[in-house]
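K.L.:
Here is my input; please provide its structure:
(chains A, B, C and D)
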Amino acid sequence: MVGPGQLRSIRLTRTAYSSSEMMIVVSARQLAGERVCFVGVGPPNIACNLAKMTVSPDLELVYESGVFGSVPARLPLSIGDPTLVTGSVQVTSMFELFAYYLQGGLIDVGFLGASQIDRYGNINTTVIGDYAAPMVRLPGSGGACEIAINAKKVFVIMPQSKRSFVDRIDFITSPGHLGGARPAEWGAGPSVVVTGLGVYRFGAATGEMELASLHPGVTLEEVRDSTGWELRVSEDLEETAPPSELELRLIREELDPRGAYTR
Amino acid sequence: MVGPGQLRSIRLTRTAYSSSEMMIVVSARQLAGERVCFVGVGPPNIACNLAKMTVSPDLELVYESGVFGSVPARLPLSIGDPTLVTGSVQVTSMFELFAYYLQGGLIDVGFLGASQIDRYGNINTTVIGDYAAPMVRLPGSGGACEIAINAKKVFVIMPQSKRSFVDRIDFITSPGHLGGARPAEWGAGPSVVVTGLGVYRFGAATGEMELASLHPGVTLEEVRDSTGWELRVSEDLEETAPPSELELRLIREELDPRGAYTR
Amino acid sequence: MRDAVAELVRDGDTVAIEGFTHLICFAAGHEIIRQRKRDLTLCRLTPDVIYDQMVGAGVASKLVFSWLGNPGVGSLHAIRRRIERSDPEPLEVEEYSHFGMVCRYVAGASNLPFFPIRSYFESDLPQANPRIVPVKSPFGDGSVYAVPPLHPDVAVIHAQRADPAGDTQIWGLLGCQKEAAFAADRVMVVCEELVDESVIRRDPNRTVVPGLIVDAVVVEPKACHPSYAQGYYDRDNRFYLEWDTVARDPATFHAWLREWVFGLESHAEYVEKLGAERWAELAPGEAWSDPVNYGRYA
Amino acid sequence: MRDAVAELVRDGDTVAIEGFTHLICFAAGHEIIRQRKRDLTLCRLTPDVIYDQMVGAGVASKLVFSWLGNPGVGSLHAIRRRIERSDPEPLEVEEYSHFGMVCRYVAGASNLPFFPIRSYFESDLPQANPRIVPVKSPFGDGSVYAVPPLHPDVAVIHAQRADPAGDTQIWGLLGCQKEAAFAADRVMVVCEELVDESVIRRDPNRTVVPGLIVDAVVVEPKACHPSYAQGYYDRDNRFYLEWDTVARDPATFHAWLREWVFGLESHAEYVEKLGAERWAELAPGEAWSDPVNYGRYA
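P.N.:
Numbers count the residues shown, from 1 in each chain, chains lettered A, B, ... in the order given. So this is what the prediction gives:
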């Protein structure tokens, strides 16, 4: 069994899959029908490229480093890998990328990671502990704060545990549904959270996270034990469909053959 | 005789020169010791290029159309002539040109023309008459308003008459020395006005225009008859040195062989 | 061109045909006249001869601009007649400086409510245009001016080349085409050459506008005459000079429109009518850039 | 490099070595360490491994940034030691988001007192950094946030090529090098190749920084390792991975500095020490852009 919140993988049989693979596959499926995605490196990158190969062939990828229309010839190991540039459609300054693409409203989906998230999808990637004297200094916002505000939707991919799904985050780096509502001129905010245990959506009226589906083999109890607040559960709770043979083959043979992000 | 304020030329002998040629030559001489010049097309362009060939070989030209380091292979007939681009050092967007070069403080001298000017060097290029119902609709600011504020110095080249040198201009397009002083964070404002009759400078304390030199053959009376206010005259009033043979040869043979701006 | 204009430009729209001296899409303006669009608000830093033609032809009720003239020649007479004498009808104007207009496009493209700029102090422009207002620095170090965002309904951008998806490359003067395109709701790209996507992808740093924001791509060579396309044809200075005479008299102005716009079906006919000799005069020589290596990272 | 750093970088300066993943001038950072500069304020969107080295080496007292990490790997341990445990001394931090940092450079380059941005709403960043403040739109349509201009004393920009006057061309990721250079008082350009002015002039649209604002040009091939120069060499991902181990322990960190910085006279020695085999692994293939015609207009 893959423990809650852990990205470590385990291979039982030919069709077994790692927690990361599950997260990537689920994220890719959420991209069905989306057009323009602001993408970071790592699992979101693999998810976006998997979506292009499966549910969303017309998906356009915008990299925060200033690249639009990449056709990477290898798995990019950083957000600014040169393989993202060669053969792309446009390379632009970071000012223009953030101002015209992101703040200008062209981004349908932005992916964010999180060290801590609360029930309203507010995200902390700045510090654990007090800002002035942190126990752990995390990377900070990068582009996350502006993605959270300006992308039309936000997808969150993160490991889940009582330390990451918390009642009160230590620092709001990127606002989610605040106390339950967002200003009209912002994007719609977090719409999906994908963890190693399940998939979460947000109540339209409440802005509060609800468990929408459990990954195969995960129990509701495990999820509750890995959540730092009284979790709402959807009335239509489903079981996540496991990765298909095709999805796994594409990840393992094409998108991450060395398993840099998926093992 | 060339009448006051007129750009029409007359050729008497081999060394005779037009009013425009006089204005260009005088403007070029003012550029001695200057480094970076924001230049419009027409007489200022010829003056700048003449200065590069004579008093100011290291002068750098910045064209408002977005070109730095032009080496025009022919006289450009518009500010955006393609001959300004081919072989230049940098072509940049207009945003970056105005923001980084001009507003950023890199421009030592900006050239302005004027339909009306007052004693403080405030300039009108917008309307003659009332703004809402103008007798004559002039071109407007273009880049003049920001040049007037952000260039370190401003040189004005214009024809002189009682209609252009006025006590009160109909519209302030580009601020000069206002009522006599400028905010410290602006450039120093107009420093020289060159007309067909003479050269004017501004009193350091008063910000008011003073006649500094009379072109050859022009009388003080003529100048006063062509000025709409009680003109101050420098105690050191000089006679402008006439164009040299070299200056005229460069203008006529190299810079404007068809006489587009100088006849 | 006909279909693109019919579909993208609607009566009452705010339209920006941008290009600073370079790449001004006259053919799009002519098609708008030919289709007798009405009540347009025309935006441009420099209402060039094309806007004189459009305003004189009656397609516009308002002009948003920063410098009104026939560059290097003088006045735009048809526009002046409407402003000075309401002849044949009034023309509303909204006026900025060049940098003010550029910043309006930047603010529009960036979804900003205003853009700060160090211009306009002690000028009469803010009195003439109440949309130019002071804004205090929140850091307590004085005021600057603010201009509002400009969001054209349609931007028309001409380029040397584009691919079928609308990925567009320009070299030479860039003006504020990128900013205008990103600020607009609908974008029409007109190009000298339609190229394969692989041409664009071999030099992504040269891409000015991505197909993502482009609604129509029209292949229309020589569409900028009498303006120019760097490396393709020269500016036709003779036309600019002659326009001064044509536009001075409403009779010759409308005769010109009848002959060169209404009398023709398309820009291809205009190109043919102008004649091979004129085009030969406007042909530039060659001055090629060097290729650069992007590297193959596989 | 030695002379340029000695002359342009002074103790107490605010220094920006920019480049987003691409064209990060490690060689300049190493020379600053070698010359034992002190009390620097280091600015960068992404304090990469180079700032971990500089901060750990003790040249800096303050960091201005937006994302602190070893991209694609994890943490910057030397910086974290100073922030979390003041080990061996405290490090002041001033923190923005990426777009906030970019806008600070734009404001600095444009001589604006502030830059408006639609970020930071409901985030704790403005509480953590009092220089991020709300600003009301003067058009009455709500508030945005403002960031203050950033004016580095020195900006270090690496480029594929420059001419002796400092006219500089870059392709591939552009980051915010242009903005940082125009915002800075002094600019140091480091390039892979020094080219004749005519190479620059054959493609003026590719020029990012004009010699006008450049104070020193240093020719230093491979100066970006383990970062990369598009078309010249690849990113050395192995180095980034290994750095995680090196930097975790102060002992191995300082041993690395002794071996690779203090133990060497110049970047040329670093290149040699790294070895031909490693460089061969990092050599990219070829992917050339097409030349474009600017036209000869005489």
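K.L.:
quick one: secondary structure of the residue lying closest to C:Phe114 once chain neighbours are set aside?
P.N.:
Excluding its sequence neighbours, the residue lying closest to C:Phe114 (C-beta to C-beta, 6 or more residues apart in numbering or on different chains) is C:Ala146, at 4.0 Å. C-beta: built from backbone N, CA, C; applies to glycine. In three-state terms, and counting by DSSP: H, G, I helix; E, B strand; the rest coil, C:Ala146 is strand.
K.L.:
For the chain, which segments count as strands?
P.N.:
Chain wasn't specified; assuming chain A. Shown for chain A, the strands assigned by DSSP state E span residues A:36-39, A:60-63, A:67-68, A:90-91, A:109-112, A:116-117, A:123-124, A:127-129, A:134-137, A:153-157, A:190-194, A:198-202, A:209-214, A:232-239.
K.L.:
actually chain C
P.N.:
C:14-17, C:40-43, C:60-65, C:92-95, C:115-117, C:133-136, C:143-147, C:154-162, C:168-169, C:186-194, C:207-209, C:216-219.
K.L.:
Ok, which of those strands comes nearest D:Arg235?
P.N.:
Taking C-beta to C-beta as the criterion, D:Arg235 comes closest to strand C:207-209 out of the strands of chain C, the separation being 22.9 Å.
K.L.:
Wait, C:Tyr240 touches C:Ser75, no?
P.N.:
No. Using C-beta atoms under 8 Å, C:Tyr240 is not in contact with C:Ser75, being 11.9 Å away.
K.L.:
Which pLDDT value goes with the nearest residue to C:Pro113 once chain neighbours are set aside?
P.N.:
With C-beta to C-beta, 6+ apart as the criterion, C:Pro113 has its nearest non-adjacent residue at 3.8 Å, and that residue is D:Ser137. With respect to pLDDT, D:Ser137 has a value of 97.
K.L.:
related to what we said a few turns ago, output the strands of chain A in CSV; the columns should cover mean neighbour count and mean pLDDT.
P.N.:
CSV is the format used below for those (neighbours: other C-beta atoms under 10 Å in any protein chain shown; pLDDT from 0 to 100):
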stretch, mean neighbour count, mean pLDDT
strand A:36-39, 24, 93
strand A:60-63, 24, 93
strand A:67-68, 24, 96
strand A:90-91, 27, 98
strand A:109-112, 27, 95
strand A:116-117, 26, 98
strand A:123-124, 26, 97
strand A:127-129, 18, 97
strand A:134-137, 16, 96
strand A:153-157, 23, 96
strand A:190-194, 25, 96
strand A:198-202, 24, 97
strand A:209-214, 20, 97
strand A:232-239, 12, 96
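K.L.:
could you dump the ones you listed to CSV with distance to chain B?
P.N.:
Formatted as CSV, the entries for these read as follows, by distance: least, C-beta to the nearest C-beta, whole Å:
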stretch, distance to chain B
strand A:36-39, 23
strand A:60-63, 20
strand A:67-68, 18
strand A:90-91, 15
strand A:109-112, 26
strand A:116-117, 38
strand A:123-124, 33
strand A:127-129, 35
strand A:134-137, 34
strand A:153-157, 30
strand A:190-194, 34
strand A:198-202, 38
strand A:209-214, 42
strand A:232-239, 48
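K.L.:
So which of those strands is nearest chain C?
P.N.:
strand A:90-91 (3.8 Å; C-beta to the nearest C-beta).
K.L.:
Can you get me a residue count around A:Leu97?
P.N.:
Other residues lying near A:Leu97 total 27 when counted by other C-beta atoms under 10 Å in any protein chain shown.
K.L.:
quick one: the closest residue to it other than its chain neighbours from D:Ile170, how far?
P.N.:
In space, and not counting its chain neighbours, A:Leu97 is closest to A:Gly66: 4.8 Å by C-beta to C-beta, 6+ apart. The span separating A:Gly66 from D:Ile170 equals 12 Å under the rule C-beta to C-beta, to the nearest Å.
K.L.:
so who does C:Val106 touch?
P.N.:
Contact partners of C:Val106, counting by C-beta atoms under 8 Å, 6 or more residues apart in numbering or on different chains, are A:99, B:95, C:112, C:115, C:176, C:179, C:183.
K.L.:
Of the residues you listed, which is the most crowded?
P.N.:
Counting neighbours by other C-beta under 10 Å, the top entry in those is C:Glu179, with 30 neighbours.
K.L.:
I'd guessed that one sits against C:Ala109; true?
P.N.:
Yes. Counting by C-beta under 8 Å, C:Glu179 touches C:Ala109, with 5.1 Å between them.
K.L.:
intersection of neighbour lists for the two?
P.N.:
Residues touching both C:Glu179 and C:Ala109 (C-beta under 8 Å, 6+ apart): A:Tyr100.
K.L.:
The chain: helices as residue ranges?
P.N.:
You didn't say which chain, so I picked chain A. Applying DSSP state H to chain A gives helices spanning A:19-30, A:43-53, A:82-85, A:94-96, A:144-150, A:220-225, A:245-249.
K.L.:
Wait, chain C was what I had in mind.
P.N.:
The residue ranges that make up the helices of chain C, judged by DSSP H, are C:2-8, C:26-34, C:49-57, C:77-85, C:98-109, C:125-128, C:177-183, C:197-201, C:237-248, C:250-257, C:267-274, C:276-282.
K.L.:
Make CSV from these and add mean pLDDT and distance to A:Pro243 to it.
P.N.:
Formatted as CSV, these follow (pLDDT from 0 to 100; distance: least, C-beta to C-beta, whole Å):
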stretch, mean pLDDT, distance to A:Pro243
helix C:2-8, 98, 43
helix C:26-34, 98, 50
helix C:49-57, 98, 57
helix C:77-85, 97, 65
helix C:98-109, 98, 40
helix C:125-128, 98, 62
helix C:177-183, 98, 38
helix C:197-201, 98, 32
helix C:237-248, 96, 65
helix C:250-257, 98, 65
helix C:267-274, 98, 54
helix C:276-282, 98, 61
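K.L.:
Same list, those, but as a markdown table with distance to A:Arg258 please.
P.N.:
As requested, the helices of chain C are arranged in a markdown table below (distance: least, C-beta to C-beta, whole Å):
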| stretch | distance to A:Arg258 |
| --- | --- |
| helix C:2-8 | 47 |
| helix C:26-34 | 51 |
| helix C:49-57 | 56 |
| helix C:77-85 | 65 |
| helix C:98-109 | 40 |
| helix C:125-128 | 61 |
| helix C:177-183 | 38 |
| helix C:197-201 | 26 |
| helix C:237-248 | 61 |
| helix C:250-257 | 66 |
| helix C:267-274 | 54 |
| helix C:276-282 | 56 |
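K.L.:
Confidence-wise, which helix or strand of chain A is lowest on average?
P.N.:
Lowest mean confidence among the helices and strands of chain A (mean pLDDT, DSSP states H and E): helix A:43-53, at a mean of 91.
K.L.:
Need the CA coordinates for it. CSV is fine.
P.N.:
Once side chains and other backbone atoms are set aside, the C-alpha atoms of helix A:43-53 remain, and they are given as CSV (Å, rounded to 0.1, in the frame of the first residue of the first chain):
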residue,chain,number,x,y,z
PRO,A,43,4.0,16.3,-12.6
PRO,A,44,1.8,19.1,-14.1
ASN,A,45,4.0,19.1,-17.2
ILE,A,46,3.5,15.3,-17.6
ALA,A,47,-0.2,15.6,-16.9
CYS,A,48,-0.6,18.3,-19.6
ASN,A,49,1.3,16.4,-22.2
LEU,A,50,-0.7,13.2,-21.3
ALA,A,51,-3.9,15.3,-21.7
LYS,A,52,-2.8,16.4,-25.2
MET,A,53,-2.2,12.8,-26.1
